[in-house]
Every structure is written in C-alpha cells, then in structure tokens.
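Engineer: Sequence plus predicted model, see below.
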Amino acid sequence: MSARVLIVDDSLTVRMSLMEALFEAGFAVTTVPTVAEAREALALEPFELIILDVRLPDGDGIDLLGEIRAGKGSSGAAVMLLSTEAEVRDRVRGLSTGADEYVGKPYDLNYVIQRAAELVRSAPAPGSRETVLIIEDSVTYREQLKEALEAAGYAVIGASTGEEGLRLAASARPAAVIVDGQLPGIDGGAVTRRIRMDAALRHLPCILLTGSEEREAEVRALDAGADAFVRKGEEIDVLLARLAAVLRSVDGPRVGEASSLVGPRKILAVDDSETYLQQVAQELRAEGYDVALARSGEEALELLTAQPVDCILLDLMMPGIGGHETCRRIKGTPILRGIPVIMLTALENREAMIQGLDAGADDYISKSSDFEVLRSRVLAQIRRKQFEDENRLIREHLAQKELEAVEARATRELEALEAVLNERKRNEVEMNKLQAELAHVSRWNAMGMMAATLAHELNQPLTAVSNFLEAARHMSKNLEGQQAGNISEMIENAMKQTARTGAIIRNLREFIEKRETSRSLENLNRVVEEAIALGTAGALYNDTRVEVDLDARLPPVMVNKVQIQQVLVNLCRNAFEAMKSARRRVLTVGTRLETPETVMITVSDTGPGIDPDVMTRLFQPFTTTKSEGMGIGLKICQSIVEAHGGEIWITPNEDEGVTFRVRLPIDEDEDA
Ligand code: ADP
C-alpha cells in the first residue's frame with residue numbers, strides 16, 4: 001500500500017507541482033490550502049508524511065505542527081516544513097517543534113520528493129515490512145532469493161528484465177534493489193546507473209550481483225553507482241548481511257552530517273548586513289542551494305544545534321560575538337567541526353584573514369569580490385566536505401568490518417579454548433576415577449599378597465606342629481595312670497587347635513584365589529597409554545623423558561585392565577625412583593606383537609641397574625633396598641601376570657639400566 005502524504009500550502013502552483021511529482025513517485029496525495037482544512041483531513045485519515053507551509057492564510061504551520069505532535073491525528077507522521085522564510089528563527093522554531101526537515105522555498109522539486117521518500121522509509125509504519133525488488137532473469141535463482149529474503153522478514157517483488165525492474169522501482173518504491181549484472185536488454189550496471197540518475201530513485205540502495213570472479217567486475221559495479229556487490233556464488237547470508245548494511249546506511253542522517261550526500265546543499269549565511277544577505281541568498285538559490293540566513297553569530301549557533309548544514313558563510317564584523325568567536329565555537333564543537341566555514345570580510349585585510357584562519361576557518365573571501373568567486377569557493381568547500389564524509393563512511397565501514405573479523409576470530413579462539421578445557425576436565429575426571437580404582441585394587445592386592453605370604457609362612461610350622469602332635473599322641477598310648485589321661489587330653493586339645501588354624505589358612509587361600517579377576521578384550525596400547533599417564537602424574541617425574549613406542553598391529557587382548565595397569569604403574573614408578581639421581585633419565589615403554597599368540601610389553605630405564613644378589617630375589621616378597629619400601633610391588637606384578645597366563649622377567653640393558661618384560665597370551669586359555 002502506498003504511503004499517504006498531506007500537502008498543506010496556500011499556493012496552488014506548489015500544491016499542483018508537489019501533488020503531481022509525489023503521485024508519480026507512488027504516494028497517495030491529499031492537498032489542502034488552509035490550517036482549518038488540514039485539521040479536517042487529519043481527523044479523517046492517518047498520514048505517513050505531512051508537507052507543511054509555515055505561513056498559511058488562516059494560521060501558522062508551526063502551530064499546526066505543534067497540534068499534530070501533541071496527538072491531534074497522525075502524531076507519528078514525518079513532517080517537512082516548506083517555507084520562503086530563510087530566517088533562522090523560523091527554522092529553529094520549526095525544527096524544535098518536531099519537524100523532521102526544513103526546506104527553503106523556492107525548493108528543488110526532486111530533492112523534496114527524494115527526502116519525502118527517505119522520511120517515509122526511515123519511519124516505517126509499525127508492523128510494515130521493507131520491500132526488496134529483485135531484478136533477475138533466472139527464475140530459479142530469483143525464487144531462491146525470494147525465499148531467503150522472505151524468511152528474513154522482507155517483502156519481495158520480482159522482475160525478470162531491467163526495463164520491468166525500473167518500472168517497478170518507480171511505482172512500488174522498494175526499500176532496496178538487488179539486480180543481476182547480466183540481464184537480457186539493459187544490464188544490471190545500466191539499471192543501477194539509471195536509478196542513480198533518477199532524482200526520485202537516486203537514494204534507492206542497489207546491490208549488484210556479479211557472476212564473474214574477476215576483480216574488475218567489482219570495480220565496474222561500484223562505478224555504476226551500486227552500494228554493494230555480491231558474487232552469485234557466495235552464500236545467501238552474505239547477501240542478507242549486505243542488504244541489512246545498505247538499508248541501515250540510508251536510515252536517516254546522523255547528527256552533524258548534512259541530510260543527504262546527494263541533493264541540494266544547505267548553506268548558512270551569517271551577516272548583519274541585510275542587503276548582502278539577500279544578494280548572497282539570491283545568487284546561491286539560483287544555483288540550487290537551500291539557503292538559511294542568520295543576522296548574528298548567536299543566531300547561527302542556535303540554528304546549527306537544530307539542523308546541520310553543508311557550508312557556512314560567516315561575516316567577520318558583526319555585533320555580538322562576531323565572526324572569529326562564532327568560528328572558534330563551531331570548530332570547538334565536535335559534531336559541527338566538520339562543516340566548512342568561509343569567512344567574509346569587507347576589507348582586504350591580511351591581519352583579519354590570518355586571525356580568521358587561526359580561528360579555524362577553512363577559507364576566506366572578500367565581500368567585494370565577484371559572486372563567481374563566492375560560488376566556486378563554496379562549491380570547492382562542499383566538495384571537500386563531501387569527499388571527507390564519504391571517506392569517513394568508508395573508513396568507518398572498513399573499521400567495522402575489521403572489528404567484526406577480530407570479534408569473530410576471538411570468538412572462535414575462545415570456543416576452541418573452551419573445548420580444550422572441557423576435554424581436559426573430562427580427562428581429569430576419568431583419571432581420578434582410574435586412580436581411585438587402581439588404589440582400591442592395589443589395597444586388595446597388597447592384602448592378598450600379605451595373606452598369601454602369611455599362609456605360606458604359617459603352613460610349614462603348622463605342619464611341623466601337627467606332625468609332632470601326631471607322634472606325641474602315638475607315644476602317649478603307652479603311658480598309664482592319672483598323668484597319662486591328662487597328657488592325652490592336652491594332646492587332643494592341641495590337635496584341635498592346629499586343625500582350626502589349618503582351616504583358617506585354607507580360608508585365607510580361598511579368599512586370595514577369589515579376588516576380582518574379571519577380564520575383557522582391551523586395546524592394550526590404550527591400556528599402556530593410560531597407565532603411563534597415571535604413572536607419570538607427579539611433579540617428581542617432570543624432568544624425566546618418557547618415550548612410547550607402541551605397535552599398531554596389536555590385536556585386542558583379554559585382560560583385567562586395572563590389574564595390568566597396576567603392573568605397569570608399579571614398573572614405571574620403580575624406574576622413576578631408580579633414575580632419581582641418574583645423569584640421563586629416559587623411560588621407554590613399548591608394546592610389540594611378539595608371536596601371533598603373544599604380546600610383549602617392555603619397560604626400560606636408564607637407572608643404575610640391580611645388584612646380582614638382589615636380582616635373584618627380586619620377585620620374592622619383602623625384597624627391598626628402600627628404607628621405606630615394602631618389597632611386595634614386584635611380587636604383586638608377578639602374581640597378576642601369572643594369573644593372566646603370562647610371564648614377567650628382567651634383563652640388564654647393555655649400557656645402563658634394566659628392562660622389565662611382560663609377556664601376555666592373546667587368547668588366554670580359559671582354565672589357565
Ligand atoms: P619396593 O619398591 O617397595 O622396594 P618392589 O618389589 O617394587 O618393592 O621392588 C623391589 C626392589 O627391586 C626395589 O627395592 C629395588 O631395589 C629393585 N628395583 C625394582 N625396579 C628397579 C629398577 N627399575 N631399577 C633398579 N632397581 C629396581
């Protein structure tokens with residue numbers, strides 16, 4: 001639905017010309033000549049835009065604006081004041097009452113239409129969607145884009161040729177155009193150029209789709225006046241981001257920036273001489289500029305706070321704060337600093353010129369000089385400002401992109417870091433679990449080993465005692481009398497006690513044999529790696545190099561993982577302790593497929609080796625050379641390995657240290 005605009009102006013010519021142009025631009029137009037009729041129209045229907053003359057036969061346009069803003073119908077409409085009043089006082093009053101734009105009469109029709117479109121676009125009706133025009137001859141691609149854009153909340157209209165697209169752009173007034181570079185008939189570049197040359201469409205953001213990979217295509221696209229280009233091969237997301245960016249950049253002027261990069265320029269002329277002001281106004285209006293007039297520096301500053309301009313002509317000698325001070329204040333205000341100031345003086349005075357430039361003026365002209373000079377200097381300053389504005393926009397855009405890239409990178413790095421930390425945390429939890437399990441099994445193994453040793457050590461004396469008692473009973477049969485009865489009773493008692501002790505020892509043995517021995521098929525290399533992690537988890541071993549040489553051909557092996565890990569942890573810890581004062585500290589752990597039936601694990605160190613007499617007793621319980629050693633570690637290793645049907649033995653290394661070898665059967669015999 002087209003936007004509704006109300007024109008309030010007592011001049012029939014103005015009403016007619018605006019109505020025609022706005023109607024062509026796709027607006028629904030209502031015109032009225034008086035404040036009273038305007039009130040009636042506003043009461044009847046809502047408007048998106050109101051173009052309002054300031055001086056009306058039955059009242060004041062600014063008063064009417066006040067009523068509108070106070071809520072008397074269309075209070076949210078965009079309002080453009082249109083007035084022959086060049087006086088700063090009027091402008092300031094209008095803008096501070098809530099006008100969105102103030103345009104001096106005689107106005108530039110194209111500019112008014114274009115600003116009208118901009119104002120309506122930057123204040124879309126609530127719930128309305130921005131319309132995007134797609135000009136693309138491939139139906140498939142057009143439909144694909146349409147789907148993506150609609151999913152992103154845009155309304156979409158489509159055209160398959162440049163001609164059709166231009167017609168639609170003019171009638172439907174989309175918020176942006178996406179045009180394919182290659183089209184039958186007039187191509188995308190030409191469409192963009194025509195849009196840029198059309199006063200009413202000039203500000204329509206255009207994104208050109210380029211098919212080729214060559215860089216020149218980009219340059220040509222921007223040359224043609226496109227706001228952005230997107231390669232057809234790129235993801236639709238890129239296109240959506242570009243579209244959002246170009247729509248944002250046309251959304252209303254920023255503070256301190258002139259309203260539009262194209263269109264008539266606003267010039268503020270400040271002079272206490274009425275005749276000179278009128279002359280300047282006439283000359284510059286003839287050039288198409290919108291001229292505002294101020295009688296003093298104070299007035300000029302007041303206007304600048306309400307409406308930015310593109311150039312300021314500033315008389316040097318004025319009552320009040322004067323030209324120099326006005327200039328200093330403008331240049332001292334960050335948002336006004338960029339506006340070019342041209343100083344005017346009646347005298348050819350070098351001193352005054354230097355002062356003026358000191359105060360921050362950008363140029364300096366004599367009032368007596370030709371207006372031709374004034375025009376060209378104004379044009380030069382405006383060009384410079386435009387150039388600077390555009391450069392600043394480009395710089396901001398680049399900086400923004402850079403920032404986005406940095407942010408994206410930082411986010412990626414953070415995510416990677418988080419993943420690593422999580423992984424580490426998981427490993428830690430896993431490790432703690434393993435350690436706890438190992439400690440538990442260790443305790444059981446140690447107890448079992450003590451029990452086994454105890455059973456073994458007690459068995460011999462118990463057998464001796466039993467044998468003695470057996471012999472004593474036999475001999476006591478030959479004794480007689482009271483004494484004989486007592487002795488055989490004592491012997492019977494002692495025999496009962498030894499029988500009980502024997503039962504206890506048998507229970508102990510059973511308990512040892514029943515220890516947890518559940519087995520499963522394990523990747524032995526993984527088991528070894530985990531054991532190394534467990535065995536090396538301690539600051540003590542930090543300066544020892546650990547080399548791991550795993551045979552990738554190992555098949556899964558049937559083992560009790562925790563027990564095998566305990567063997568390896570024991571061997572590793574012994575090796576570390578042995579190497580504590582060695583010159584070279586290298587622990588090498590390896591696996592090897594020894595035969596098709598057996599695997600071999602080796603744990604080798606560069607320690608001092610083992611004395612021959614210790615070596616012979618190494619796997620016997622309570623063999624230790626350490627002051628706080630228990631001497632059962634290797635015994636436990638041996639019993640675990642043997643329970644797996646394997647063997648453990650030790651060989652001295654050629655140069656230094658020893659190697660423990662553990663051989664395990666792959667397919668362990670069930671009854672081994
Ligand atoms: P503990 O470590 O409590 O002494 P172990 O049964 O584990 O009990 O070890 C018995 C002894 O074997 C140790 O005290 C040490 O003298 C010797 N030993 C074990 N491993 C090594 C090794 N890699 N290098 C030198 N001696 C070792």
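Structural biologist: Now that the structure is in, tell me what you want to look at.
Engineer: and the host helix or strand of residue 41, what's its mean pLDDT?
Structural biologist: Residue 41 belongs to helix 35-44 when assigned by DSSP states H and E. Averaged over helix 35-44, pLDDT sits at 93.
Engineer: And the next helix or strand past it?
Structural biologist: strand 49-53.
Engineer: Can I get that following strand in PDB, CA atoms only?
Structural biologist: Written as PDB, here are the backbone C-alpha positions of strand 49-53 (Å, rounded to 0.1, in the frame of the first residue of the first chain):
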ATOM      1  CA  LEU A  49       4.100  12.300   5.800                       C
ATOM      2  CA  ILE A  50       2.900  15.900   6.000                       C
ATOM      3  CA  ILE A  51       4.500  18.700   3.900                       C
ATOM      4  CA  LEU A  52       3.600  21.900   5.600                       C
ATOM      5  CA  ASP A  53       3.900  25.600   4.600                       C
END
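Engineer: who does the helix holding residue 41 touch, helix- and strand-wise?
Structural biologist: strand 4-8, strand 28-32, strand 59-60, helix 61-69 (3 or more Cβ pairs under 8 Å, 6 or more residues apart in numbering; DSSP states H and E). Any C-beta I mention is one placed from the backbone N, CA and C, and that applies to glycine too.
Engineer: so of these, which one's packed in deepest?
Structural biologist: Highest mean neighbour count of those: strand 4-8, a mean of 25 (counted as mean count of other Cβ atoms under 10 Å).
Engineer: in its sheet, what does it sit against?
Structural biologist: Partners of strand 4-8 in the sheet, by DSSP bridges, are strand 28-32 (parallel), strand 49-53 (parallel).
Engineer: tell me the angle that strand makes with helix 35-44.
Structural biologist: Counting by axes from the mean of the first three to the mean of the last three Cα atoms, to 10 degrees, strand 4-8 lies at 160 degrees to helix 35-44.
Engineer: that older thread, what would the helices and strands packed on helix 35-44 look like in TSV with distance to residue 91 and mean pLDDT?
Structural biologist: Listed next are these as TSV, based on distance: least, Cβ to Cβ, whole Å; pLDDT from 0 to 100:
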stretch	distance to residue 91	mean pLDDT
strand 4-8	18	94
strand 28-32	23	94
strand 59-60	14	90
helix 61-69	10	86
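Engineer: rewinding a little: and the helix holding residue 41, how far out from the chain's middle?
Structural biologist: 52 Å (Cα atoms, centre = their mean, to the nearest Å).
Engineer: Going by neighbour count, which residues in that helix are buried?
Structural biologist: Neighbour counts over helix 35-44 (16 or more other Cβ atoms under 10 Å) mark 35, 37-39, 41-42 as buried.
Engineer: Out of those, flag the one nearest to the ligand.
Structural biologist: Closest to the ligand out of the buried residues of helix 35-44 is residue 42 (99.2 Å), distances taken as Cβ to the nearest ligand atom.
Engineer: My read is that that closest one contacts residue 68, right?
Structural biologist: Yes. Using Cβ atoms under 8 Å, residue 42 is in contact with residue 68, at 6.9 Å.
Engineer: Mutual contacts of the two, please.
Structural biologist: Counting by Cβ atoms under 8 Å, 6 or more residues apart in numbering, the contacts common to residue 42 and residue 68 are residue 74.
Engineer: who's in contact with stretch 344-364?
Structural biologist: For stretch 344-364, contacts defined as Cβ under 8 Å, 6+ apart pick out 271, 313-317, 323-325, 327-328, 330-332, 340-343, 365-368, 377, 380-381, 384.
Engineer: Just the CA coordinates for it, please, in PDB.
Structural biologist: Provided in PDB are the C-alpha atoms of stretch 344-364 (Å, rounded to 0.1, in the frame of the first residue of the first chain):
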ATOM      1  CA  LEU A 344      33.700  37.100   4.700                       C
ATOM      2  CA  THR A 345      35.200  40.500   5.200                       C
ATOM      3  CA  ALA A 346      34.600  43.900   3.700                       C
ATOM      4  CA  LEU A 347      38.300  44.700   3.700                       C
ATOM      5  CA  GLU A 348      41.300  43.200   2.000                       C
ATOM      6  CA  ASN A 349      42.900  42.800   5.400                       C
ATOM      7  CA  ARG A 350      45.800  40.400   5.800                       C
ATOM      8  CA  GLU A 351      45.700  40.600   9.500                       C
ATOM      9  CA  ALA A 352      42.000  39.800   9.700                       C
ATOM     10  CA  MET A 353      42.500  36.900   7.300                       C
ATOM     11  CA  ILE A 354      45.200  35.400   9.400                       C
ATOM     12  CA  GLN A 355      43.000  35.800  12.500                       C
ATOM     13  CA  GLY A 356      40.200  34.100  10.700                       C
ATOM     14  CA  LEU A 357      42.200  31.200   9.700                       C
ATOM     15  CA  ASP A 358      43.600  30.900  13.200                       C
ATOM     16  CA  ALA A 359      40.000  30.700  14.500                       C
ATOM     17  CA  GLY A 360      39.700  27.600  12.300                       C
ATOM     18  CA  ALA A 361      38.100  29.000   9.100                       C
ATOM     19  CA  ASP A 362      38.500  26.900   6.000                       C
ATOM     20  CA  ASP A 363      38.600  29.700   3.500                       C
ATOM     21  CA  TYR A 364      38.400  33.400   3.300                       C
END
